[in-house]
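1. Predicted model follows, preceded by the sequence.
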Amino acid sequence: MPELPEVETIRRDLTPRLVGRTVARAWVAPDAPKLVQGRTAASFRRALAGRRIESLDRRGKYLLLRLDGPDGQAGLTWIVHLRMTGGLIHRLPGSGDDDRFLRARFVLDDGSELRYVDLRKLGMMWLVEDEEAVVGKLGPEPLGEGFTPEALRLALSRRAAPVKSVLLDQAAVAGIGNIYADEALFEARVRPTKRADRLSRKAVERLHWAVRKVLVEALGDRGSSFRDYVDAEGEQGMHQLRVKVFRRTGEPCYVCGSKVRRVKVGGRSTHYCPKCQR
Ligand SMILES: [Zn+2]
């Protein structure tokens with residue numbers, strides 16, 4: 001599933017390709033009824049046509065494309081959430097028409113196309129004047145200034161849930177999913193099932209450092225491709241080759257040699273080292 005490093009990689013790749021371009025026309029597959037949120041697919045297509053893309057931003061796992069407001073109209077934000085298996089691929093003119101699971105297509109004024117692909121059709125798009133309605137409740141960006149050890153300590157201290165569940169809560173901290181929650185907890189030597197409000201101050205400080213470390217390393221590897229994730233050119237990331245515990249059940253811990261264990265936490269598969277993580 002695309003998490004912060006994957007969405008940020010797509011944002012960085014798409015920015016030079018899309019900024020300044022105008023959406024000439026849009027097409028949404030009739031078999032993807034949940035893709036467009038808050039308005040009909042027809043209204044979405046009409047409102048996008050003729051808009052120029054001013055900038056690309058990201059909040060958590062959401063990609064935000066800011067669009068101009070022509071002829072006195074208000075600017076709009078086109079928000080995309082890739083969920084489980086969504087992807088945004090930019091194709092130059094003449095690059096063929098063979099992207100699998102194509103659910104939407106956006107033809108730009110230079111003839112290139114932004115294509116939205118999604119095997120499971122869980123991804124969503126919005127086109128809104130007020131983006132706060134979609135992303136307003138997200139917690140701090142883990143690589144931003146608002147994510148301090150104290151902010152993390154406060155978020156954890158309010159919850160009796162397992163610490164992993166709090167890391168996955170987008171209102172506590174934005175952009176972390178199953179892969180990087182497991183990896184950060186391993187780096188911090190904190191057991192995922194430990195009650196959030198019982199972490200020591202030292203453990204919270206280690207976890208704060210570890211969250212940033214794993215996200216920065218994954219960004220350097222252009223994300224992780226365990227199954228479907230591809231970047232804006234349709235290429236896989238590399239970080240799946242460097243994970244320490246995620247999906248390594250039964251394999252030896254790189255630090256102590258104990259077998260990596262898998263348990264369910266809040267319904268999510270969770271991987272940890274029983275000796276290193278207490
Ligand atoms: Zn270990």
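-> Alright, I've got the coordinates.
2. List the buried residues for the lengthiest helix in the chain?
-> Using DSSP state H, we find that the single longest helix of the chain is helix 201-220. For helix 201-220, a neighbour-count test (16 or more other Cβ atoms under 10 Å) marks 203-208, 210-211, 214-215, 217-219 as buried. Using the backbone N, CA and C atoms, a C-beta is placed for each residue, glycine as well.
3. just stretch 26-45 next, same as before
-> Buried residues in stretch 26-45, counting neighbours by 16+ other Cβ under 10 Å, are found at Ala26, Trp27, Val28, Ala29, Ala32, Leu35, Val36, Ala41, Phe44, Arg45.
4. Does the next helix or strand after the longest helix of the chain reach the ion?
-> For helix 201-220, the following helix or strand on the C-terminal side (DSSP states H and E) is strand 261-265. No: figure legend: strand 261-265 not in contact with the ion (Cβ under 5 Å from the ion); closest approach 10.2 Å.
5. so Trp209 touches Ala188, yeah?
-> Yes: in terms of Cβ atoms under 8 Å, Trp209 counts as a neighbour of Ala188; the distance is 7.3 Å.
6. how about the strands of the chain, start to end?
-> Remark: strands assigned in the chain by DSSP state E are 23-28, 53-59, 62-67, 76-81, 86-91, 102-108, 113-118, 124-128, 261-265, 268-272.
7. quick one: Phe44 from Arg51, how far?
-> 11 Å (Cβ to Cβ, to the nearest Å).
8. got the contact list for the residue in the stretch 101-250 of the chain positioned nearest to the ion?
-> Residue nearest to the ion within the stretch 101-250 of the chain: Phe186 (8.2 Å; Cβ to the ion). Residues near Phe186 by Cβ atoms under 8 Å, 6 or more residues apart in numbering: Ala210, Lys244, Val245, His271, Tyr272, Cys273, Cys276, Gln277.
9. How many residues are close by the fourth one?
-> Right, His271. A count of neighbours around His271, defined by other Cβ atoms under 10 Å, yields 24.
10. Then the second one?
-> Residues near Lys244, counting by other Cβ under 10 Å, number 18.
11. Could you find the closest non-adjacent residue to it?
-> Once flanking residues are discounted, Lys244 sits nearest to Phe186: 5.0 Å by Cβ to Cβ, 6 or more residues apart in numbering.
12. buried residues in stretch 113-122?
-> Result for stretch 113-122 [16+ other Cβ under 10 Å]: buried residues Glu113, Leu114, Arg115, Tyr116, Val117, Asp118, Lys121.
13. isn't the fourth one right up against Arg103?
-> Yes: between Tyr116 and Arg103 there is a contact at 5.2 Å, judged by Cβ under 8 Å.
14. Quick one: residues contacting the closest residue to Val211 other than its chain neighbours.
-> Counting by Cβ to Cβ, 6+ apart, Val211 lies nearest to Ala184, which is 4.5 Å off, once chain neighbours are set aside. Each residue near Ala184 by Cβ under 8 Å, 6+ apart is listed here: Leu167, Ile176, Leu207, Ala210, Val211, Lys213, Val214, Leu215.
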